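>>> fold the following for me, if possible:
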Amino acid sequence: MTIDEFSGAILYLSAGIGKKLDEHATSVYFDALADLPGDAFLPACKVVLCNHRWATFPTVAELRDATANVIRGRTSPI
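Just a heads-up that it's a prediction; the model follows:
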């Protein structure tokens, strides 16, 4: 995914959850998630936002799992 796709999805999550990632955490998240397709990442972020029950930022693992489910067609569009 591109940095623009990633940034847009992370801003979406940040606004929805009410938490921000600092600069260093953002770099780590991008490094760990950049291999995912951007067109599946934003829909996955929407799913995570709707299902994440805590006032914390979702983990890399949670975001990767949700993206994998979007790619496999295991989630319905929101």
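
>>> please name the nearest non-neighbouring residue to residue 12.
Among residues not flanking residue 12 along the chain, residue 45 sits closest, at 5.8 Å (Cβ to Cβ, 6 or more residues apart in numbering). For every residue, glycine as well, the C-beta is placed using N, CA and C.

>>> which strand or helix spans that neighbour?
helix 38-51 (DSSP states H and E).

>>> next SSE downstream of that helix?
Later in the chain than helix 38-51, the nearest helix or strand by DSSP H and E is helix 60-72.

>>> tell me who's in contact with residue 28.
Counting by Cβ atoms under 8 Å, 6 or more residues apart in numbering, residue 28 touches residue 60.

>>> mind listing what's buried in the helix or strand where it lies?
Residue 28 is located in helix 23-33, with elements delineated by DSSP H and E. The neighbour-count check on helix 23-33 (16 or more other Cβ atoms under 10 Å) flags 29, 33 as buried.

>>> now do the SS call for residue 75.
Here residue 75 takes the coil state, with states given by DSSP: H, G, I helix; E, B strand; the rest coil.

>>> one step back: now the angle from the helix holding residue 45 to helix 60-72?
Per axes from the mean of the first three to the mean of the last three Cα atoms, to 10 degrees, the angle that helix 38-51 makes with helix 60-72 is 120 degrees.

>>> please state the offset of helix 38-51 from the chain centre?
6 Å (Cα atoms, centre = their mean, to the nearest Å).

>>> give the rounded mean pLDDT of it.
Averaged across helix 38-51, the pLDDT comes to 94.
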